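Chemist: The sequence and its predicted three-dimensional model are supplied below.
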Amino acid sequence: MSKKRKFQEGKQLLPKKNDDYGPPMPKKKVCNDKRVKKEAVTITGINVASFAEHRSIEIQAMTELVNDTGGNHTAFQKLPRHMRRRAMSHNIKRIPKRLHTVAKLELSKTKAPGKRPSRRHRRRPSNLLSEYERRKRRVGWLETHIWHAKRFKMIEKWGYRLALHPNDKSVRACYRAVKRHCLLQDVSFESYIELKGHREDILDGLRHFTNSDTGPTFAAKMNSDGTRQGCLVLYNFDSYPRLAIGPVTYIWRSQPQGPVTDSSQSLDTVWLSCHPSIHNSVLTALEKCFNYQGVDYESIHGSTNNTGITVKSLKDHLVKFRLFGPASNLVLAETLKLANIETTLSSSPAPGEADESLHLKAVWWKEYYSSNANKGHFLKQCDLWSKISKCQSPSEAPPNTVLALTVKDPRLMLPPKRNKVNLSSGDPVTKSLPMDLFKSEIAVSPLWESSIREEIKALKIFEQELNFMKNKHLVPGTPLELGDRESRIPIILIQRPGASPLVSSQSNPCHSSGWDLIIPAGFGMAFWIALVYRGARVGGIRESLSTNLQAGLLSAPGDYPDSPAGQAELRADSEARQAKHDRMPPAKRPNFVKLGIRSPFTFEFEELVQEWCDKYSCTLGFNSGRSKNGEKTTMSVLRNRKMLKLLQSALTNPRNFFKGPLKMKNDKTSNSQEQSAILGAFLSTETGKRLVSEELLSLVPVRLSILQRGVPATYGHICQPSQEDVQALSGDAFYSGPVEPKHIDPGVAARKEERKERLRLRKRQKRRKDKKAVLNASDAPKTVGDSDILLKEGKSSVKLCTKDKQNGGEKNNAESILGSTTRKIIGYVRNGDFDLSTGRGLGFGFCSVAALLTLIEKQKERKDCLVLVRNPTSLQYRFASISLLA
Amino acid sequence: MQAAGGSFDEEEYSLRKRLPPRLPLRANDVYVSERTHFKAQESKCQRLLDSGNEVIIHGLGKAVNRAINLALQLQAKGTGTVQLAVQTSSVELTDDLIPETDDGEARTSSRNNSAVHIRVFRSSDKNKGDEKQQKVEPMDQVNPPTSLKS
């Protein structure tokens, strides 16, 4: 069969000229075709010269084809099957004589693949390393890659090979680590971008990417002295509130010296940390903003434009570890031992290392800490760290505090065995951290200097050397004293306050608070092992996502659906789900038409928002021309803090919210048309007015706490409950929610018909096959051909069926989203999981603002807003209470 | 929501409460919160009491009632063998005021909240009338200890 197909393919390659004169074809079927064609043309005579000419081209093409068949095969592999012999490659005499020369030539050209080098050889450090270098050329590796690759499911994401989740059964264990102990994640992929220049210039440029409506911007006074990390969402140049890029965090370099005359010192530096999926877009946006030309150049050296601002990517220059959980203080306190920066007592170097100590005379820390100011800062930092490290939880420190330290090489104090650190009961505890401890000195760090970072990396003692020294150490197990030889490593610790304040009142406060540890590149593994040996449990992307979900934090980039990176993430996810769905046999997968799910693998935010906006403006008769149907709307997410606060206060307690403004409304609205209470209440404030007039087409992130049973799933519907549903729930506290009636699938009848047809065909085919077994072999090709036709028929019928199905789907799509289910859809679930802290389902999704306003209006008598959540694979609605998340 | 010490403008600042400072967590320290399941906590305390003859129950603010209730339940179940030593204290809590605008400075405000620490123990001599009560160790004493007997 395959031979035939190959031949036919080859035939198509031939020049299609005078096909009827072609050389006789060996296959009957083809000949038949020829004969049929021949009847159409009458040949009067043959011009020999032109005939030969044409044939020559054809013959040439054919010989080429014959020579080429099989593509990259050796001479004897091209032989027809019946001429092949065993061990032809071994013994050339087994090849037909006419091919000997060709085979010999080929043999001389090819080299035997040879034996795979022995495992011992492959595992030798230098060979292993070169192999690793080869492998990480295509996709980036973190410094802890090998460690993770042995223990984690690795996936390719955002240009890196990243750990998804541990291979052991550990979902609950990781949750417990976040709740009670310490979870560790390597987030070095979150790369930094350095901006250097005069502060005013930098702020002038960055102003175009942010808006003060969304909260403090880069100019925030709170973060300007470098003691706190700021966090905000970047937008494309001057395009707020559309075209978001994504979330970034930033820290200013702390320079407490005050007015320094030195020009290089007076420059300010800010580090922006962003997700790798948006790293490039942020970098290009900044470059554009600060008028760059040399894009390639700047990524390595940094370049200066007319305003004197340098933009530099610090990708792979820093390593960042993220610690979650109350014991992260303890783990860090054990791992980070403050370095000895006294430069005086280095007169007695270890014997045999005199030359090295000579060489090391100008190490960075001696130079850096020779200044009294720097030493003073260091002492203050040490003092503060000793206090903070005795706190029982990282959330006792001020939120987003930046603390710089210089610490010892953690490999020197590595415990002999991995164990869990615990605070012994006798230890004193810090009771309070007064604010005046957190001055700008505590954030001064030499880590900001690229030259120092380079030097630290260069001066790192090799693992082998260190092991040798440990081996030679007189008392095994005690920490090595290396004096000046030892690395002093500047690090920066950044506190994360954990659960967002909007949700922390409902669930466990300060869940997932912890520290981000920034260290210079090269020391990743040293710190990693040290942290792991102190009992930190390691998680991957899955763990961080679930932690963020529980803490009510958004995780980049998937939770930012208005940014290109977020959309790409969502698209990839939906494609993966669609592919998985398509792989399943029809009987084993849900029929989404019957379930009434219009888009089981995508979020239809644009349509939803548009429909709600139209509906809202219709029902309220509020025509301020905000829904311009003509213009194409791009999705945007509401991030205006004031509006969010207003909406949140209305949503979390509608009854309370309407108490105040309603009275005012009664005074004000004397107009004949009965305006809704919600509108009146919202219009009574300036923010509300703007919300209603400008942001109806936006989405807001919401958190869904399921009341009873059920766990929300991605692409599920968030729906508005009817009055009866709410009443039923108030009557019966265990009412589990309404059920969506089964939808009618218009394609069912057609599909059934198709199935019948297919079965019939299959039966016929089988019958023929049986007959064929009885018949002699001469009839075989014919039957094969017939079965081919049968197959084709079957396929076409299947195609027909799928086309029908698509049509059915289209029909379904044609109707509006709001009319597609009995309870009106107000949003979609982005992510959901079982919340181990409350023992109930927990979800996170996006809702339309207009829909939320309608919901509040409907439930203004209630103390909390209820919604219904329905998963794409189920007809059952579940009650959930809804609150904002931002 | 409790007002943070001193008033602040809702528009200008958002409130973020820090965790209360926690005392060392020994095996027999039990911190009661509003959300903990009462029965579960009771059985946990009972187990600790049976194994080590001493449990220390801490309750802060709203959870003081629950802590007392828990201790009394344990005592009632102990049929006269279990004794209580109660101490009250004030805990300093810190709230962060995070500015919503660029010009705002970060502020903190501190307030005090009352806490109760109850040592539930089985005395070895089973002397019910024994009035001398041992102090609950890790507390800094703000208010004088008050005895609480059912």
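Modeler: Thanks, I have the structure now.

Chemist: which parts of chain B sit against chain A?
Modeler: By C-beta under 8 Å from any C-beta of the partner chain, the residues of chain B that approach chain A are B:1, B:10-11, B:14-19, B:21-26, B:35, B:92, B:94, B:96, B:98-106, B:108, B:110, B:140. All C-beta spots, glycine's among them, are computed from the backbone N, C-alpha and C.

Chemist: Can you get me a residue count around A:Met83?
Modeler: 12 (other C-beta atoms under 10 Å in any protein chain shown).

Chemist: interface residues of chain A facing chain B?
Modeler: So chain A meets chain B at A:212, A:215-217, A:219-222, A:228, A:391-393, A:395-399, A:423-427, A:429-433, A:435, A:497, A:501, A:504-505, A:508-510, A:513, A:641-642, A:645 (C-beta under 8 Å from any C-beta).

Chemist: Quick check: PyMOL command selecting the buried ones in those.
Modeler: The PyMOL command for the buried members of these (criterion: 16 or more other C-beta atoms under 10 Å in any protein chain shown) is given here:
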select buried, chain A and resi 212+215+216+217+219+220+222+228+391+392+393+395+396+397+398+399+423+430+431+432+433+497+501+504+508+509+510+513+641+642+645
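
Chemist: Out of the residues of chain A next to chain B, name the ones that lie in helices.
Modeler: A:Lys221, A:Met222, A:Pro501, A:Ser504, A:Arg641, A:Lys642, A:Lys645 (DSSP state H).

Chemist: Which of the residues you listed scores worst on pLDDT?
Modeler: Taken together, those show their lowest pLDDT at A:Ser504, with 53.

Chemist: all helices for chain B, in order.
Modeler: Under DSSP H, chain B gives helices at B:38-52, B:64-77.

Chemist: Check the ones you listed for me and report the most buried one.
Modeler: Among these, helix B:64-77 has the highest mean neighbour count (mean count of other C-beta atoms under 10 Å in any protein chain shown), at a mean of 18.

Chemist: that older thread, quick one: which of the ones in helices among the residues of chain A next to chain B is nearest to A:Glu200?
Modeler: If you rank these by distance to A:Glu200 using C-beta to C-beta, A:Lys221 comes first, at 14.4 Å.

Chemist: and the gap between that closest one and B:Ala76?
Modeler: Distance of A:Lys221 to B:Ala76, given as C-beta to C-beta, to the nearest Å: 57 Å.

Chemist: Same check on A:Ile95?
Modeler: Going from A:Ile95 to B:Ala76 by C-beta to C-beta gives 99 Å.

Chemist: Next: A:Gly226.
Modeler: Taken as C-beta to C-beta, the span from A:Gly226 to B:Ala76 is 57 Å.

Chemist: repeat for A:Thr110
Modeler: Counting by C-beta to C-beta, the gap from A:Thr110 to B:Ala76 is 90 Å.

Chemist: next one: A:Asn831
Modeler: According to C-beta to C-beta, A:Asn831 stands 46 Å off from B:Ala76.

Chemist: Just the buried residues of the residues of chain B next to chain A.
Modeler: Looking at these with 16+ other C-beta under 10 Å, the buried ones turn out to be B:14-19, B:21-24, B:26, B:94, B:96, B:98-102, B:104, B:106, B:108.

Chemist: Which members of those occur in strands, if any?
Modeler: Judged by DSSP state E, those include B:Ser14, B:Leu15, B:Arg16, B:Lys17, B:Thr94, B:Asp96, B:Ile98, B:Pro99, B:Thr108 as members of strands.

Chemist: B:Thr101 versus the second one, what's the distance?
Modeler: Right, the one you point to is B:Leu15. In terms of C-beta to C-beta, B:Leu15 sits 15 Å off from B:Thr101.

Chemist: swap in the third one?
Modeler: According to C-beta to C-beta, B:Arg16 and B:Thr101 sit 16 Å apart.

Chemist: need the contact list for the closest residue to chain A within chain B.
Modeler: Going by C-beta to the nearest C-beta, chain A is nearest to B:Arg22 of chain B, at 3.8 Å. Listed by C-beta atoms under 8 Å, 6 or more residues apart in numbering or on different chains, the contact partners of B:Arg22 are A:Gln392, A:Ser393, A:Glu396, A:Val429, B:Tyr31.

Chemist: tell me the two of these that are most distant?
Modeler: Spatially, the most separated pair among the contacts of B:Arg22 is A:Glu396 and B:Tyr31, at 14.8 Å (C-beta to C-beta).

Chemist: give the contact list for the residue of the stretch 1-150 of chain A found nearest chain B.
Modeler: The nearest approach of the stretch 1-150 of chain A to chain B comes at A:Thr144, 29.8 Å away (C-beta to the nearest C-beta). By C-beta under 8 Å, 6+ apart, the contact set of A:Thr144 is A:Asp186, A:Ser188, A:Gly524, A:Met525, A:Trp528.
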